[in-house]
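Trainee: sequence-free structure coming up:
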């Protein structure tokens, strides 16, 4: 939520597997919180926070291939397109393709235009 009370929506780690060293980032913006750049800022902060505090090997973004807004968000964050899994997920009576993108610490993603400069993470911590 913004300071003025406008809802932004949910920005989260969809999955965080410390043993595997992989986290997945996702969001579900509220209509009133869209088009202000806030979700992009928060989504961009999650990998930085993860890489500096929890040390994963990679951060991922997965979405339906026909979800152009979600795909554009991952692109704004500077995540690299890794591929499309055909017919991956059933939804509403049909199977949909799933697009996968990722970033790694120290990958040199260009800064600016809402993209994040991924920081070099410390050595991965042992799983507890």
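Mentor: Structure received. Because the structure is predicted, anything quoted here is derived from the model rather than measured. Residues are numbered from 1 along each chain as shown.
Trainee: Name the single longest strand found in the chain.
Mentor: Counting residues, the longest strand found in the chain (DSSP state E) is strand 80-91.
Trainee: ok, the closest residue to residue 91 other than its chain neighbours to residue 18 distance?
Mentor: Nearest non-adjacent residue to residue 91, counting by CB to CB, 6 or more residues apart in numbering: residue 64, 7.8 Å away. Every C-beta, even on glycine, is put in place using the N, C-alpha and C of the backbone. Distance, residue 64 to residue 18, by CB to CB, to the nearest Å: 27 Å.
Trainee: do the same with residue 66
Mentor: Distance from residue 66 to residue 18, counting by CB to CB: 32 Å.
Trainee: neighbour-wise, which of the two wins?
Mentor: Between residue 66 and residue 18, residue 18 has the larger neighbour count (other CB atoms under 10 Å), namely 16 against 10.
Trainee: Straight-line length of stretch 45-63, end to end?
Mentor: Start and end residues of stretch 45-63 are separated by 19 Å (CA to CA, to the nearest Å).
Trainee: Could you check how far that stretch is from the centre of its chain?
Mentor: Distance of stretch 45-63 from its chain centroid, counting by CA atoms, centre = their mean, to the nearest Å, is 8 Å.
Trainee: again with stretch 11-19
Mentor: For stretch 11-19, the distance to the chain centre is 10 Å (CA atoms, centre = their mean).
Trainee: Next, the residues that contact that stretch from outside, please.
Mentor: Applying CB atoms under 8 Å, 6 or more residues apart in numbering, the contact partners of stretch 11-19 are 22-27, 39, 42-43, 46, 50, 54, 56, 62, 125, 127-128.
Trainee: Show me which of those are buried.
Mentor: By neighbour count, with 16 or more other CB atoms under 10 Å, the contacts of stretch 11-19 hold 22-27, 39, 42-43, 46, 50, 54, 56, 62 as buried.
Trainee: about what we covered before: can you list the strands that the longest strand of the chain pairs with?
Mentor: Strand pairing for strand 80-91, using DSSP bridges, gives strand 94-103 (antiparallel).
Trainee: That's all I had, so thanks and see you.
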